[in-house]
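Chemist: Structure for this input, please:
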Amino acid sequence: MLALIFAAIDFLVMFGYAALGSQAVRVLKKSGALWLDRICGGALLALAGSLAFYRRATV
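Modeler: Numbering: from 1, shown residues only. Presented below is the predicted three-dimensional model:
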C-alpha cells in the first residue's frame, strides 16, 4: 500500500514538472528554448565530469 501511495505521489510530481516545462517552452521563444537546452546540457555535462573525477580520486 505504501509503495502505491509513493508511486502515485511521484507520478503527480513528475506530471507537474512536465506540465510546467511544456508551458515554459511555449512562453520562451525558439531562441530562448535553444539557450535553455544549451544551459541545461552544459550543467549536466559539468555534473557528469565532476562525478567522473570524483570516482577516479576515490579509487
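
Chemist: which residues of this protein fall in helices?
Modeler: Ranges of helices within the chain are 2-27, 30-58, based on DSSP state H.

Chemist: Lowest average pLDDT across the ones you listed?
Modeler: Least confidently modelled of those is helix 30-58, at a mean of 83 by mean pLDDT.

Chemist: what packs against that one?
Modeler: Contacts defined by 3 or more C-beta pairs under 8 Å, 6 or more residues apart in numbering; DSSP states H and E place helix 30-58 against helix 2-27. Any C-beta I mention is one placed from the backbone N, CA and C, and that applies to glycine too.

Chemist: Next, the angle helix 30-58 makes with the helix it packs on.
Modeler: Angle of helix 2-27 versus helix 30-58, following axes from the mean of the first three to the mean of the last three C-alpha atoms, to 10 degrees, is 130 degrees.

Chemist: What separation is there between the most centrally placed residue in the chain and residue 24?
Modeler: Nearest to the mean C-alpha position of the chain, by C-alpha atoms, centre = their mean, lies residue 40 at 7.9 Å. Separation of residue 40 from residue 24 (C-beta to C-beta, to the nearest Å): 11 Å.
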